[in-house]
Structures are given as structure tokens and as C-alpha cells.
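Q: What would the 3D arrangement of this be:
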Amino acid sequence: MKILVCISNVPDTTTKITFTNDNTEFNTSGVQYIVNPYDEIALSRAIELTEGGKGTVTVINVGEAGNDPTIRKALAIGADDAVRVNAAPRDAYFVAKQIAEYAKDKDFNIILTGRESIDYNGNQVAAMVGEFLDIPSVSIIKKLDVDGDTATIEREIEGGKEVLTVSGKFIASCAEGVAEPKIPNMRGIMSARTKPLAVVDAVAIEEVSKVTKYETPAPRGTVKLIPADQTESLIGLLHSEAKVI
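A: Just a heads-up that it's a prediction; the model follows:
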């Protein structure tokens, strides 16, 4: 079994987000980057599925040379080898196309991503890759088991869960519950230094979107605490100030 796991290089969750160049570019100064947490879940499940010589796990990232430390961490967690498509990730369409172009002739049985990246929260790449490769795509899965050529997948739906079976190749985006993220041990960290990390050129594709401006959320307003016995005062404020009634 050959599994391809798509990973993103994202700012640490504690990063203070600012923008430059008239709010059209993310300010990378002093930012610590990590493997996208949802992608770590996908990677952990891929490693579990291939343990004991059952298969191999390749990680792929679309990005520039600065992403290599993040890719090496994925190798330390347990991936067998890695590929970096040497291009800045313009948008989800661009990333998905690069992944699909690499994977189309590599005969991967399963492709996994995280449900979304924590920087843009788009939840688009998995479905686009599935469309480009003409394979089934299952979004936001909560459980994944594989028996031979058939995968059993669980998804949460309103009021319950959905259980699917997929035969043959497919791509799925993983959410919490699919696996517990793995912490690299010293042996993994040392071996990651020598594991293969191939760099391939990006394919040229048309530009379909462009960021015109970023905006940060408005500052939180002040909070007024109203005693529980002053119901009329609360109703008055909701009507006159909050204007919600």
C-alpha cells in the first residue's frame, strides 16, 4: 500500500498575525512555522496503516526551500520519504493541481490531507485533487480502516454518522478522531536527516484568484455586566445599544 500525505507549512497557533505591503501580504517576520495540525492527524493514520511493512508513506508539500524544516519534521514523525514542489502556494487550486500532477503516475492507493489548513481554513484541496485525478474524494472523515482494497470511512452528519466503503484509489481529508498526532522521538529525528526529500519543479498553470487585501478582525468591544435581577435594564440595553431586539 502506497499512501501520499499532503502537508501544509502554517504559522504556529500562538503567532500574532500582521500584514505588510498595504495589507496584501502576510508578514513572515519572526513567525514560527509548524506542520498543519490536521495534516499531522492524516500523517499519523497513514503511518498506522503501513506499520509492520504493510506499505510506505510519502509526504508532499507545495512550497519554497524555507519549508524544508517542516517537511523534515514530518519525516521524523515517521514518513518514509518526502517531495517538495518548488513554488510558493498561490491558492488552493494551484496547490491541488501541483499535487495531482505529481501523483497522477505514481500509483498511490490512498491520498490523505487534513480537513483544512489552520491559516486559510479553506477545506478545498482534497476535493480538487480528487477531481483532477478522477478518483473518489471524501471530506472531513472521522475514522479510516483499510482491509485489502476496500476502505471503510466514517463521517459525522447531523444527528448521527455516515459509514462509507470505498474500493480502489481515493482521497480523504482527515479531522480529529482519525488518529492521535505522533510526537517524533530521537531516533525519528536523527533518521529524518537522511531520508529522501526530492524537490520537483512546479507545472505552469493559469492564475485563477488573487488576494487583493487582508483584514484582521475588529477589536472586541467592552462588556457590560447586568445583575440577574435587573431584567428590564438588560432588555433596554439589548434594544437601544445592541439593537438585537
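Q: Going by C-alpha atoms from here, please, whenever you check contacts or count neighbours.
A: OK.
Q: Now do the helices in this structure.
A: 37-50, 68-77, 92-103, 125-133, 186-192, 231-240 (DSSP state H).
Q: From the contact counts, what lies against the fourth one?
A: Using 3 or more C-alpha pairs under 8 Å, 6 or more residues apart in numbering; DSSP states H and E, the elements in contact with helix 125-133 are helix 92-103, strand 137-147, strand 170-174.
Q: quick one: the first one to helix 125-133, angle?
A: Using axes from the mean of the first three to the mean of the last three C-alpha atoms, to 10 degrees, the direction of helix 92-103 lies 50 degrees away from that of helix 125-133.
Q: and helix 92-103, what does it pack onto?
A: By 3+ C-alpha pairs under 8 Å, 6+ apart, helix 92-103 packs against strand 56-63, helix 125-133.
Q: My read is that residue 145 contacts residue 163, right?
A: No. Using C-alpha atoms under 8 Å, residue 145 is not in contact with residue 163; the gap is 11.1 Å.
Q: got any residues that touch both of these two?
A: Here residue 145 and residue 163 have 152-153 as joint contacts, going by C-alpha atoms under 8 Å, 6 or more residues apart in numbering.
Q: how far is the worst-scoring helix or strand of the chain on mean pLDDT from where the chain is centred?
A: None of the helices or strands of the chain scores lower by mean pLDDT, DSSP states H and E than strand 25-26, at a mean of 88. Per C-alpha atoms, centre = their mean, to the nearest Å, the displacement of strand 25-26 from the mean C-alpha position of its chain is 19 Å.
Q: Can you name every helix or strand that that strand contacts?
A: For strand 25-26, the packing partners by 3+ C-alpha pairs under 8 Å, 6+ apart are strand 19-20.
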